[in-house]
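Participant: need a 3D model of the following:
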Amino acid sequence: MGFFGITLRGKKKRALELPSQTMLRDTCLRPGRQVELLLVTDAWGNDSDVRLSRLHDLDQQDRLLLAQTFPPLGHHNVGQLLEITFLIRVDDVPGGRRLRVGYKSPLKAVHNDYLVRPGLRGDVLVVDGPQVLSKFTLRRHYRLPADLAQDLEVFLMPWRVQVRLLDISVGGMRFSHPRARHLSVGEGVDLLLICGSLGIPVEGKVVRNGSLGSREEAIPFTAVRFNRLAPVHERQLASLINDLQRGT
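Facilitator: Numbering: from 1, shown residues only. Predicted structure coming up:
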């Protein structure tokens, strides 16, 4: 009994192998497939940017034509390394399993009002097609866009100046604010997030200033990375973002 007990306890669980590349390509590279794009290099440090997209089609060079994200990627992002990932279901075990696979490619081009195929035009992002699809994890925080967070109010403290939220994650946020209050890169900021009766105080540091949109309609923004939050506030923020994402 002891011998067999030791043997069983020392046995490691065998990792499941990836399906064949043919199966993965056939499953992932279908027009209409949802895609999660991860910006590998950005101002957030450990909290990189995750943006949702969709696969329109593959071109004659086997490059992927992806729907524009929100916030949109611009021509200044061309050359930036992306992780292109797909979440699929694999029925190789009882009950099936969910598996995320992907690969890395620089953003090759951004086209506006592009003719994807007859009857379909749109703004597209162009990336190389995969040589190999490998197992990936979304190790970064999902960033919630402002249109899903309309009930969330953000204030600069201690002045209680309200700012316009652009997007937010558990690790940081972006917002625009009155030009009279300039925030410099490296400056510490105190913020208060209010949604209904819930108030969450957070501390952060400015990591970037920039603008979104065309030159004529550019929206200036400030990016703030949150300092380590108190556990209770981190749980509250994660729960709030999840609820707003689901519309509850």
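Participant: burial of residue 59, as a residue count?
Facilitator: Counted with other Cβ atoms under 10 Å, the neighbours of residue 59 add up to 14. Using the backbone N, CA and C atoms, a C-beta is placed for each residue, glycine as well.
Participant: do you know the pLDDT at residue 122?
Facilitator: Residue 122 carries a pLDDT score of 88 in this model.
Participant: how about the helices of this structure, start to end?
Facilitator: Secondary structure of the chain (DSSP state H): helices at 2-9, 21-28, 231-246.
Participant: any chance of these in TSV, plus distance to residue 220 and mean pLDDT?
Facilitator: Shown next, in TSV, are the helices of the chain (distance: least, Cβ to Cβ, whole Å; pLDDT from 0 to 100):
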stretch	distance to residue 220	mean pLDDT
helix 2-9	59	39
helix 21-28	37	95
helix 231-246	24	83
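Participant: and residue 194, which of those is closest to it?
Facilitator: Of all the helices of the chain, it is helix 231-246 that lies closest to residue 194, at 10.4 Å by Cβ to Cβ.
Participant: and the lengthiest strand in the chain, which strands flank it?
Facilitator: The longest strand of the chain (DSSP state E) is strand 97-117. Paired strands of strand 97-117, with direction, are strand 81-90 (antiparallel), strand 120-127 (antiparallel), strand 134-135 (antiparallel) (DSSP bridges).
Participant: would you turn those strands into JSON lines with mean neighbour count and distance to residue 68?
Facilitator: Listed next are the strands paired with strand 97-117 as JSON lines, based on neighbours: other Cβ atoms under 10 Å; distance: least, Cβ to Cβ, whole Å:
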{"stretch": "strand 81-90", "mean neighbour count": "19", "distance to residue 68": "13"}
{"stretch": "strand 120-127", "mean neighbour count": "18", "distance to residue 68": "4"}
{"stretch": "strand 134-135", "mean neighbour count": "12", "distance to residue 68": "26"}
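Participant: now these as a markdown table including distance to residue 105?
Facilitator: Formatted as a markdown table, the strands paired with strand 97-117 follow (distance: least, Cβ to Cβ, whole Å):
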| stretch | distance to residue 105 |
| --- | --- |
| strand 81-90 | 6 |
| strand 120-127 | 4 |
| strand 134-135 | 13 |
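Participant: which one of these lies nearest to residue 39?
Facilitator: For residue 39, the closest of these is strand 81-90, at 6.4 Å, according to Cβ to Cβ.
Participant: hang on, the earlier thing: ok, which of the strands paired with strand 97-117 comes nearest residue 229?
Facilitator: strand 81-90 (25.7 Å).
Participant: need the contact partners of that closest one.
Facilitator: Contacting residues not belonging to strand 81-90 are listed as 19, 24, 27-28, 33-41, 64, 66, 96-107, 127, 130, 133, 136, 138 [Cβ atoms under 8 Å, 6 or more residues apart in numbering].
Participant: for residue 198, see how far away the residue most central in space within the chain is.
Facilitator: Of all residues in the chain, the one closest to the mean position by Cα atoms, centre = their mean is residue 50, 1.0 Å from it. The spacing between residue 50 and residue 198, counted by Cβ to Cβ, to the nearest Å, is 24 Å.
Participant: equivalent analysis for residue 229, please.
Facilitator: With Cβ to Cβ as the criterion, residue 229 and residue 198 are 14 Å apart.
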